[in-house]
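In: fold the following, please.
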Amino acid sequence: MKRPLLVPIAFPIVLSAACAGAPTPRRDPGAPLPAAARPPGVEPARAAAQSADARPVPAPEGLSSVMRIADSPRTWGDMTQLLAGTPFGMLLIGQEPEALLETALGPALVDVVDLGKPIDVAVLGTADPRLVMSLSVPEREMSRVHDRFVLEERRGMLRVKGVREGARGLDEGALPRVCAFEPGDRSGGARLLCADDIEDIQATAPYLVEVVGREPLDADVRIEITGRAVVEAMESTPAADDDSHSGRMGRDLAEGLFRDLESVSLDVTSARPDVDVRVGLRFASRRSPLALAVAPATAQDAAPPPAFFRLPRDTALAFYTQGASRAELAPLREAVYRGLREDMIGEGYDAAGLERFVDGLGALTFTGGPLVIGSGGDRAAAEKALADYSGGEGAARARKVARRALQSWFLIAVEEPAQTWITGVKELIQIGDELDRQKARAEAAGKGGPPNGAASKDNEATDVVVARAPAALPAGTLHVEMRSRPLTKDAPPAHTSHLYVVPAGQRTWIGIGEDDATVVDRLRIATDPGRDERTLGAVPGLDALWQRGALAGGLFSLAGFMMLAASGDTPEELDEAAKEFDGLAKLPARGAIAMPLAITSEALGSGAARLDAHVRMSPAAARDVIALMMR
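Out: Residues are numbered from 1 along each chain as shown. From the prediction side, this is the model:
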């Protein structure tokens, strides 16, 4: 499974990289990268002497990211306190930022910098990164640097050739790094810049000093990554081996999104005793279907959908969105349906019948508006079943039990009348049956099936049947059973999934899961006002989720993600799930802590847009995330 990313340990990572030594400097042959994105709503400050019509200082060639640490001693103290009692925290005992910097730069240089002011680090390149560090130098120290160091003026900077010792100057080899002073505007803007190559310092200094160094920093640690660097990282990642139309469509959508992406930022701030994490995506444009869908123009005073607070209180992953408009979703809807249509035609389905199926699907999905989704599962049952699962006698039954225990239940709420969904789902079932019969007849006559005589990729067959709805649910509820049976040895065991479409006034609840009783019980909680105490609305401490102005929000836990990611459809997947759950159980808080999420979106001028996600972690949750990262 993908692990969440959090960087409250960014400071020691940077210092460790600096102390380890950079590789031999190498020029990036690529084109200049765009400037690192600024914090939302903040424009770069300019030098006082810079005229209004002067060009802004450009980012250096090859810039991939910038890291800023506001106050290294304070950040170090918060981090060591957070990690106290953990194995990683033991490594920090006796360590101080001053000592680490002395190893990296030498004690004489560290003695003249102000560690209470931001440390800025520019990263050049992606495959073979090079670091340029920028530290603040107080004016009182800057006035005495000629007395303490052997300096050489070079292009407006003072390169440090050595440290004075009486009348004797030490050669530059005595310094761990190449360093130079940038005097700035003589009003507190002086900086010390260090790297492994003087050319990197000269190329990066104007941007680090005049742009980055003059911007307000309202986070303890900030990392900004250029969109170009993100694209390069994605291009270096092996693509999934999926040559289907839907697979290619997914890759095309992702590539379009990355082309629109200008930058990604990560802010980590101590909100004692909690930790605030903010992830920002800045889009230069919204030309791609995904950018239009994920960063829509939304009302700034929109309230969370009431259905969100009707989700059961044991929901492990809860999410709501105000949703994009139907027009903003149109390009994504067209791309998804095109991929679906082409894949099904390739599998031998009738093209004319598919048009009816896609039209029916289009009447229900990608229509815009609010959406609420919740999922959960029985973690204790899953852990027990995985522990009982093993090879040998009884393995087939144990495998079936373990797979069943890993299946999550899902609840979905849309602010639409249920009859639209009930009628639409029934029509889709009918059209699907007709398509299956047409395909079977064509295959029997030797005129259908996958092209070029290719074998079918299906390893199981599913019969979709409308069944009786239990009396416990509101009148008019639609109950659909999806009965699957294996066709090959590597297929999942036979199982039945249940889908319910439940009317609740002008709202529709949809429940899905293999455990019929669990799905029905969760739907009763969501739809019955007499069960309010079992909903998220009755959970204390969720005040932030009631606030207006968010595009989306919710709650999540590491355990919830684990349950969602584990399918257990094959013996190999069960083995992997057992390993992941064992690791989860070893986390300090076992991954059980719920974390609130809020997402805001804003359409900017010239077609640009911004998306910001904010997560607040308790100390226990933060320790879990850090421990998971360190595994």
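In: show me what contacts Ala351?
Out: 341, 345 (CB atoms under 8 Å, 6 or more residues apart in numbering). Any C-beta I mention is one placed from the backbone N, CA and C, and that applies to glycine too.
In: please renumber the chain so that the first residue is 33 from this point on.
Out: Will do, 33 is the new start, and the previous item becomes Ala383.
In: and it, what's its pLDDT?
Out: Each residue has a pLDDT score; the one for Ala383 is 91.
In: likewise Ile377?
Out: 91.
In: now do Val144
Out: We have a pLDDT of 92 for Val144.
In: next one: Val155
Out: Note for Val155: predicted pLDDT of 96.
In: so which strand or helix has it?
Out: strand 151-156 (DSSP states H and E).
In: try Leu163
Out: Using DSSP H and E, the element containing Leu163 is strand 162-168.
In: packing partners for that strand?
Out: helix 42-52, strand 151-156, strand 223-227, helix 230-242 (3 or more CB pairs under 8 Å, 6 or more residues apart in numbering; DSSP states H and E).
In: mind redoing it with 10 Å?
Out: With contacts taken as 3 or more CB pairs under 10 Å, 6 or more residues apart in numbering; DSSP states H and E, strand 162-168 sits against helix 42-52, strand 95-101, helix 129-137, strand 151-156, strand 210-214, strand 223-227, helix 230-242.
In: coming back round to it: what strands line up against the strand holding Val155, and which way round?
Out: Strand 151-156 has its sheet partners listed here by DSSP bridges as strand 95-101 (antiparallel), strand 162-168 (antiparallel).
In: that one vs strand 223-227, what angle?
Out: Calculated by axes from the mean of the first three to the mean of the last three CA atoms, to 10 degrees, strand 151-156 forms an angle of 40 degrees with strand 223-227.
In: got the angle between strand 151-156 and helix 230-242?
Out: 130 degrees.
In: point out where this structure drops to low pLDDT.
Out: Low-confidence segments of the chain (pLDDT under 70): 33-87, 117-127, 198-206, 217-220, 270-274, 423-426, 479-489.
In: helices and strands around the helix or strand encompassing Thr107, which ones?
Out: Using DSSP H and E, the element containing Thr107 is helix 104-114. In terms of contacts (3+ CB pairs under 10 Å, 6+ apart), helix 104-114 is packed against helix 42-52, helix 119-124, helix 129-137, strand 253-258, strand 293-303, strand 306-315, helix 651-662.
In: so His646 touches Thr632, yeah?
Out: Yes - counting by CB atoms under 10 Å, His646 touches Thr632, with 7.8 Å between them.
In: common neighbours of the two, please.
Out: 312, 582, 585 (CB atoms under 10 Å, 6 or more residues apart in numbering).
In: can you tell me how far the first one is from His646?
Out: Going back to what we said before, that points to Gly312. 9 Å (CB to CB, to the nearest Å).
In: quickly list what's touching both of these two.
Out: With CB under 10 Å, 6+ apart as the test, Gly312 and His646 both reach 299, 632.
In: dump the residue contacts of Val177.
Out: 141, 144, 169, 183, 190, 192, 213, 215, 222, 224.
In: what's the answer for Lys458, then?
Out: Counted by CB under 10 Å, 6+ apart, Lys458 has contacts 392, 498, 510, 512, 533.
In: now these as a markdown table including secondary structure?
Out: Formatted as a markdown table, the contacts of Lys458 follow (DSSP: H, G, I helix; E, B strand; the rest coil):
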| residue | secondary structure |
| --- | --- |
| Gly392 | helix |
| Val498 | strand |
| Leu510 | strand |
| Val512 | strand |
| Val533 | strand |
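In: closest one of the residues you listed to Glu130?
Out: Within those, proximity to Glu130 (CB to CB) peaks at Val533, which comes in at 63.4 Å.
In: ok, that closest one - how many residues close by?
Out: A count of nearby residues for Val533, using other CB atoms under 10 Å, gives 25.
In: pretty sure it contacts Val512?
Out: Yes - applying CB under 10 Å, one finds Val533 in contact with Val512, separated by 7.8 Å.
In: and for those two, which residues touch both?
Out: Common contact partners of Val533 and Val512 (CB under 10 Å, 6+ apart): 457-458, 501.
In: number of nearby residues for Ala335?
Out: Number of residues near Ala335 (other CB under 10 Å) recorded here: 14.
In: one more: the one 4 residues further on?
Out: If you count neighbours by other CB under 10 Å, Ala339 ends up with 22.
In: which ones are touching it?
Out: Neighbour list for Ala339: 352, 402-404, 406, 443-447, 536, 539-541, 558 [criterion: CB under 10 Å, 6+ apart].
In: need phi/psi at Val433.
Out: Per-residue torsions, Val433: phi -70, psi -40 (degrees, to the nearest 10).
In: thinking it is in contact with Gln439, fair?
Out: No - assessed by CB under 10 Å, Val433 is found out of contact with Gln439, at 11.3 Å.
In: out of those two, which sits in the busier spot?
Out: A direct count of neighbours by other CB under 10 Å for Val433 and Gln439 places Gln439 higher, at 21 against 18.
In: quick check: the more buried one touching Asp548?
Out: No - the pair Gln439 / Asp548 is not scored as a contact, 11.6 Å apart, by CB under 10 Å.
In: need the residues touching each of these two.
Out: Ser529.
In: can you list the helices and strands packed on strand 162-168 in TSV and add distance to Ala412?
Out: As requested, those are exported to TSV (distance: least, CB to CB, whole Å):
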stretch	distance to Ala412
helix 42-52	36
strand 95-101	41
helix 129-137	43
strand 151-156	44
strand 210-214	57
strand 223-227	53
helix 230-242	52
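In: can you redo those as CSV with distance to Leu590 and mean neighbour count?
Out: Formatted as CSV, the helices and strands packed on strand 162-168 follow (distance: least, CB to CB, whole Å; neighbours: other CB atoms under 10 Å):
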stretch, distance to Leu590, mean neighbour count
helix 42-52, 20, 17
strand 95-101, 25, 25
helix 129-137, 29, 19
strand 151-156, 28, 26
strand 210-214, 42, 22
strand 223-227, 38, 25
helix 230-242, 36, 21
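In: looking at these, which is closest to Pro344?
Out: Checking these against Pro344 by CB to CB gives helix 42-52 as the closest, at 36.9 Å.
In: which is the succeeding secondary structure element to the helix or strand Leu324 falls within?
Out: In this structure, Leu324 sits in helix 321-326 according to DSSP H and E. Using DSSP H and E, the helix or strand that follows helix 321-326 towards the C-terminus is strand 349-353.
In: distance from that next one to the middle of the chain?
Out: 15 Å (CA atoms, centre = their mean, to the nearest Å).
In: CA atoms only for it - export them in CSV, please.
Out: In CSV, the C-alpha atoms belonging to strand 349-353 read as follows (Å, rounded to 0.1, in the frame of the first residue of the first chain):
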residue,chain,number,x,y,z
LEU,A,349,-12.5,6.5,6.4
ALA,A,350,-15.0,9.2,6.0
PHE,A,351,-15.0,11.8,3.2
TYR,A,352,-17.2,14.4,1.8
THR,A,353,-16.9,16.8,-1.2
